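K.L.:
Sequence and predicted structure below; questions after.
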Amino acid sequence: MRAERFDHPFRVERQVHGYAVVVRVAGEVDALTVRELKREIAVGLALATPPAPVVVDLTEVEFFAAAGLNELHRGHLAAQAAGVMLRVVACHRHVLRPFEISGLDHELRPCRTLAEALVVRTPNGVRKLTVPDVTHASGAR
């Protein structure tokens with residue numbers, strides 16, 4: 001007998017404000033849901049204008065598998081190639097621990113808050129971006 005999954009539906013929303021793009025993720029990130037995350041990161045990278053980042057907010061993620069970690073690493077490499085910063089927001093141990101175990105915490109350097117992730121350092125000084133206000137949702141189950 002198979003256990004029923006999706007007690008906590010997966011959801012991903014892309015929010016745009018000015019030049020910054022925030023991809024908010026909720027629920028379980030695993031091999032079944034990672035394609036939607038991949039798509040939203042790719043769209044975010046296409047929409048972002050440097051120096052503003054693409055921020056992947058994992059604060060509402062309840063399960064984070066290696067597939068999600070791999071996709072964030074791919075997104076980070078794609079962002080570097082495009083001249084855009086990819087930032088991650090994570091504050092829960094079950095999400096932060098895979099970053100620590102893999103060593104990606106040194107490369108991606110997860111921020112604890114969205115406000116922290118939206119701070120951009122420019123040659124003229126620090127500029128704080130506002131929280132995005134336009135939402136595009138996908139992946140609701």
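P.N.:
Happy to help now that I have it.
K.L.:
Identify the residues contacting the longest helix along the chain?
P.N.:
Longest helix in the chain by number of residues (criterion: DSSP state H): helix 66-82. Here helix 66-82 makes contact (CB atoms under 8 Å, 6 or more residues apart in numbering) with 29-31, 34, 37-38, 41-42, 45, 54, 56, 61, 85-86, 88, 98-99, 102, 104, 107-108. (Each C-beta comes from the backbone N, C-alpha and C, glycine too.)
K.L.:
so which helix or strand takes in the one residue sitting closest to the centre of the chain?
P.N.:
By CA atoms, centre = their mean, the chain has its centre lying nearest to residue 56, at 1.5 Å. Under the criterion of DSSP states H and E, residue 56 resides in strand 54-64.
K.L.:
That strand packs against which elements?
P.N.:
Applying 3 or more CB pairs under 8 Å, 6 or more residues apart in numbering; DSSP states H and E, one finds that strand 54-64 contacts strand 20-29, helix 34-47, helix 66-82, strand 86-89, helix 93-102, helix 114-117.
K.L.:
would CSV of those with mean neighbour count, distance to residue 123 and mean pLDDT be doable?
P.N.:
Formatted as CSV, the helices and strands packed on strand 54-64 follow (neighbours: other CB atoms under 10 Å; distance: least, CB to CB, whole Å; pLDDT from 0 to 100):
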stretch, mean neighbour count, distance to residue 123, mean pLDDT
strand 20-29, 24, 18, 96
helix 34-47, 18, 22, 96
helix 66-82, 17, 19, 97
strand 86-89, 24, 19, 98
helix 93-102, 15, 29, 96
helix 114-117, 17, 20, 91
